[in-house]
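Asks: kindly return the folded structure for what I paste below:
(3 chains)
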Amino acid sequence: MRRSLLFIPANRPGMMQNAEVFEADGIIFDLEDSVALNEKDAARTLLKHFLATFKFDFEVVIRINPIDHVNGLLDLETIISPAVDAIMLPKADPAMVRKLGELLEGFERARGIRKTIKIIPLIELAKSVLQMEEIAGLPRVDGMMLGAEDLSSDMEMERTKTGNEIFYPRARLAYIARAFGIDAIDTPFTDVLDEDGLCADARRAKGLGLTGKAAIHPNQIRYINEIFSPSKAQIEWALKVIAAAKEHSGAFSLDGKMIDTPIIARCEKILEKGRKWKLL
Amino acid sequence: MKIGIAGSLESSDCLVRAEESDKLEIQIESSVFEFFGNQIRKVVLDTLEDQGIKTIKIHVNDKGALDYTIRSRLLTAIERMKRS
Amino acid sequence: MKNALGRYVPEGFKPFVGSKDYLNHSRTTEKVIYSENKGNKLLRSISEAFDALGITDSMTLSFHHHLRNGDLVMNLVCDEIRKRGLKDITIAASSIFPNHRVLIDCIENGNVTNIYTSYFNGGAAKAVSEGKLKGLLYMDTHGGRSRAIESGDIKIDVAFIAVPASDAQGNGNGYSGPSACGSLGYAIPDMLYAKKKVVVTDNLVDEVAKPVIQAPYIDYVVVVDKIGDASGIESGTTRITRDPVGLKIAEKTAALLDELGLLEDGFAMQTGAGGTTLAVTKFIRDIMLKKNIKARFASGGITRYHAEMLAEGLIEKIYDVQCFDLGGVKSIASNPNHIEISAFQYGNPYEDAIVNHLDFVILGATEIDLNFNVNVTTATTGLIMGGSGGHSDTANGAKVTVVVSPLMKSRLPIIRPEITTVTTPGEDVDVFVTERGIAINPRRTDLLEKLQGSRLKIVPIEELYKLSLGYTGVPESKPRNGRIIGVVRYRDQTVIDTLYQM
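Replies: You can find the predicted model right below:
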């Protein structure tokens, strides 16, 4: 259940130290695209020591380099520890997600890590859009993210703010994720100065059924969190429904609306989110 | 000359230069030298000791980096020095 | 001796007793001085003014700072002082900026031996911090300066008043001309009480519609090529910050103000012109729009953001003692609800000043201690880089005083067990907002009560301090054993702290 995930380059200590300030549900410490090739060694060492020094309230996600290459393997070797909650896998396909799962199991055993580190595959290729269903069912996968910049590059189509070109992968992601009970995380909005554009984009994604959105700048988090949270009105309604449900068995009427089991379940989910994100 | 350089001069980072040497030499420049100069030196010495390094020439140009950053940049500089 | 805050006060100075102690003393004022010059007042140069006025050694010359870092007038006068080899001059400038470079020479040569100011930054401040001033530096608050001048504590021989638009008699204002700077509020005490007053202008006009500088007080009018550099008048700081940490602090501050019930219809605020405090204004505006409320007034240093809110009808009136950018200047020149006020009306402790009517004020800090005493005068190294300005005045007058700052600035915690210099006493500081938590002064049990059950992270200041040390480690502290170079004076000229050589 992540409304927002903030990308932070893993080679910038000033930014990493401030990550917790921005109230993102999760931070993606990035060892991949935001770190130059000749700095990969510095970044993974810095990230390792950073994670060992501080404790966090947010979810710790690491975007590693592809694991069919030595950099990705070195990333895992260096940073896997109990501090890590999830690994984001770029250019994910089913074979790589399976392989990553095996590697993680090995590390957890060898390093006495009790938790199960999750995998968030990044859907960035035309092929992986089709493979979403297979990927979503793999072990450890508890969310999938759309990477529209690389995807539109693969598709040789123009990337726009209105995002018509990614309507299909967004919708597909939303349904598959829902069917498998995992998060559907939208691609970042890259114009960091356009707050209105960000909000429109996030609302569009939410309207299609996506459950959260990645951010590439801390200033985007406040808007993303608000848009992907249940509204005040929704929470009030849910509280009302749950309170009334205690007094009835079976379906009943409330404010002229028919309240039955599915609606009650939906309201319980709203309150669960409300509690988790401290909105109650 | 085997030299390794790591880090940057951005705020909260430091630039560390490691050079193979037959002596132990540590030079520290810092934007917060009068407040943390000794602490920075301590981190460098502790890290070198952990690594079993007794002779080396280290130059740190610090812009308010916290201990974990100094340690990391130093370790990377040493690695790069060895590889160079 | 030590004052009420335990800070050292040199012999011969009155120690700070308490922030409202001035109420126990009566207000005495000197006589207002009118010009006796009924003839031609026009002069063609600063040099002519020096001759006409017989400016000699040991005189006190005063300046306002409305041309900010674009001011050329103090440089012209300092140049003249230097050329003539005058000695033991006292400069009483309401603020001194990096642009004031000629002053550095005058300090080093001993032409200028004493300085009175409310804000000091740049090369001259560095020179004084290094011990090059042969006399003393006296730092006042903006409101306190008006008090010092009216009471005769500062006796000005010649006031040089830069005026962007002036007629030949010395009627003028700051609304038009190539060096237009808006309000001239800080010049009013000088205009009234200095022995001699010289208007310096680069824009001689036939008539000035709404003069704030008035002919009966003015002895001479000097016309020069340029009194100010427009690009330097508009200070670099008047832009809403885009720094994510600053925005987070601003967001939390606005949310806190709302929870404290301070954002209700008809509230009065002063939010200053720094990057973070302007961001607070933006978040306050969002809340005002959502709640459909208006502010009774905004005061202090005014920017285009405040002017826009006035034009939108979100603020009913602006009381302007200083314009920070050209948006503010345009507004004061054209909007009747944008009202110019003098330093007296702004913050003289004995007036029913504007600061007394504020519901809240948002201020900055370079350091704060566990008793909420705040430093805005020196950096942790001891370098003089600021000064109270309106800090102590507004903190004293406002119902709620909010200080905002990042918890650490480049590995240095802002909270220190002992701060380098006390500018504003903790009894007047109510809230400290950082990106990692908010501390409320324990004196304000009323605020703590309002915040019961708040979702904001409200913690004791000691806890914020420990949190910062967890990141930075404990900084080594340097003993201040440099020679005394000056004093920091509270609103009533009592000494709240001493300044030492770096």
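Asks: buried stuff in whatever helix or strand residue A:200 lives in?
Replies: Assigned by DSSP states H and E, residue A:200 falls within helix A:195-207. Neighbour-count burial for helix A:195-207, counted by 16 or more other CB atoms under 10 Å in any protein chain shown, picks out A:198, A:199, A:200, A:201, A:202, A:204, A:205, A:206. C-beta: built from backbone N, CA, C; applies to glycine.
Asks: what comes into contact with that helix?
Replies: A:161-163, A:170, A:186, A:189, A:191, A:213, A:219-220, A:223-224, A:227-228 (CB atoms under 8 Å, 6 or more residues apart in numbering or on different chains).
Asks: pull up the residues of chain A that are close to chain B.
Replies: Listed as neighbours of chain B in chain A under the rule CB under 8 Å from any CB of the partner chain: A:12-14, A:17, A:41-42, A:45-46, A:48-50, A:52-53.
Asks: of the residues you listed, grab the buried ones for ChimeraX.
Replies: To isolate the buried members of those in ChimeraX, using 16+ other CB under 10 Å:
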select /A:12,13,14,17,41,42,45,46,48,49,50,53
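Asks: out of the residues of chain A next to chain B, which touch chain C?
Replies: Applying CB under 8 Å from any CB to these, those adjacent to chain C are residue A:17.
Asks: contacting residues for residue 60?
Replies: All of this is about chain A. By CB under 8 Å, 6+ apart, the neighbours of residue A:60 are A:26, A:27, A:29, A:51, A:83, A:84, A:85, A:86.
Asks: I was thinking of chain B, sorry if that wasn't clear
Replies: Listed by CB under 8 Å, 6+ apart, the contact set of residue B:60 reads B:14-17, B:26-30, B:40, B:44, B:70, B:74.
Asks: for it, which three-state class applies?
Replies: Three-state assignment for residue B:60 (DSSP: H, G, I helix; E, B strand; the rest coil): strand.
Asks: identify the bridge partners of it.
Replies: residue B:16, residue B:28 (DSSP bridges).
Asks: am I right that residue C:87 is in a strand?
Replies: No - assessed by three-state DSSP, residue C:87 does not belong to a strand; its assignment is coil.
Asks: so does stretch B:29-44 get close to chain A?
Replies: No - residues of stretch B:29-44 contacting chain A under CB under 8 Å from any CB: none, with a closest distance of 11.1 Å.
Asks: what comes into contact with that stretch?
Replies: In contact with stretch B:29-44 (CB under 8 Å, 6+ apart) are residues B:14, B:26, B:28, B:58-64, B:67, B:70-71, B:74, C:380-381, C:410-412, C:472-473, C:475-478.
Asks: phi and psi next, for the closest residue to chain A within chain B.
Replies: Nearest residue of chain B to chain A (CB to the nearest CB) works out as residue B:12 at 3.4 Å. Here is the backbone geometry of residue B:12 (degrees, to the nearest 10): phi 70, psi 10.
Asks: count the residues that sit near it.
Replies: By other CB atoms under 10 Å in any protein chain shown, the residues close to residue B:12 number 21.
Asks: the spatially closest residue to residue A:68 that is not a sequence neighbour: what secondary structure?
Replies: Take residue A:68 and drop its neighbours on the chain: the residue closest to it by CB to CB, 6 or more residues apart in numbering or on different chains is residue A:96, 6.8 Å away. Three-state assignment for residue A:96 (three-state DSSP): helix.
Asks: and residue A:96, what does it touch?
Replies: Contact analysis of residue A:96 by CB under 8 Å, 6+ apart lists A:66, A:67, A:68, A:89.
Asks: now swap in residue C:144 and tell me
Replies: Here residue C:144 is in contact with C:118, C:347, C:349, C:388, C:392, C:393, C:489, C:490, C:491, C:492, C:493 (CB under 8 Å, 6+ apart).
Asks: repeat that for 6 Å
Replies: Residues in contact with residue C:144 (CB atoms under 6 Å, 6 or more residues apart in numbering or on different chains) are residue C:491.
Asks: OK, now which residue of the stretch 51-200 of chain C is nearest to chain B?
Replies: For the stretch 51-200 of chain C, CB to the nearest CB, closest residue to chain B: residue C:129, 14.5 Å.
Asks: that residue and chain A: what is the separation?
Replies: Using CB to the nearest CB, to the nearest Å, residue C:129 is found at 28 Å from chain A.
Asks: how many neighbouring residues does residue C:477 have?
Replies: 13.
Asks: the helices in the stretch 51-200 of chain C, which residues?
Replies: Using DSSP state H, counting those that start in this stretch, the helices of the stretch 51-200 of chain C run over residues C:73-83, C:102-109, C:123-129, C:142-151, C:188-193.
Asks: got those helices as CSV, with mean pLDDT columns?
Replies: Listed next are those as CSV, based on pLDDT from 0 to 100:
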stretch, mean pLDDT
helix C:73-83, 97
helix C:102-109, 97
helix C:123-129, 98
helix C:142-151, 97
helix C:188-193, 98
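Asks: let me know which of those helices is tucked in deepest.
Replies: helix C:142-151 (a mean of 28; mean count of other CB atoms under 10 Å in any protein chain shown).
Asks: hang on, the earlier thing: just the buried ones from the contacts of helix A:195-207?
Replies: By 16+ other CB under 10 Å, these give A:163, A:170, A:186, A:189, A:213, A:219, A:220, A:223, A:224, A:227, A:228 as buried.
Asks: what residues are up against the last one?
Replies: This means residue A:228. Contacts of residue A:228 (CB under 6 Å, 6+ apart): A:3, A:206, A:212.
Asks: the same query, at a cut-off of 10 Å, please.
Replies: Neighbouring residues of residue A:228 by CB atoms under 10 Å, 6 or more residues apart in numbering or on different chains: A:1-4, A:25, A:185-186, A:202-203, A:205-206, A:210-213, A:273, A:277.
Asks: out of those, which sit inside strands?
Replies: A:4, A:185, A:186, A:212, A:213 (DSSP state E).
Asks: residue C:198: which of those is nearest?
Replies: Nearest to residue C:198 among these is residue A:4, at 60.5 Å by CB to CB.
Asks: that closest one against residue A:23, yeah?
Replies: Yes - using CB atoms under 10 Å, residue A:4 is in contact with residue A:23, at 8.1 Å.
Asks: more neighbours, the two?
Replies: Comparing residue A:4 with residue A:23 by other CB under 10 Å, the one with more neighbours is residue A:4, at 27 against 17.
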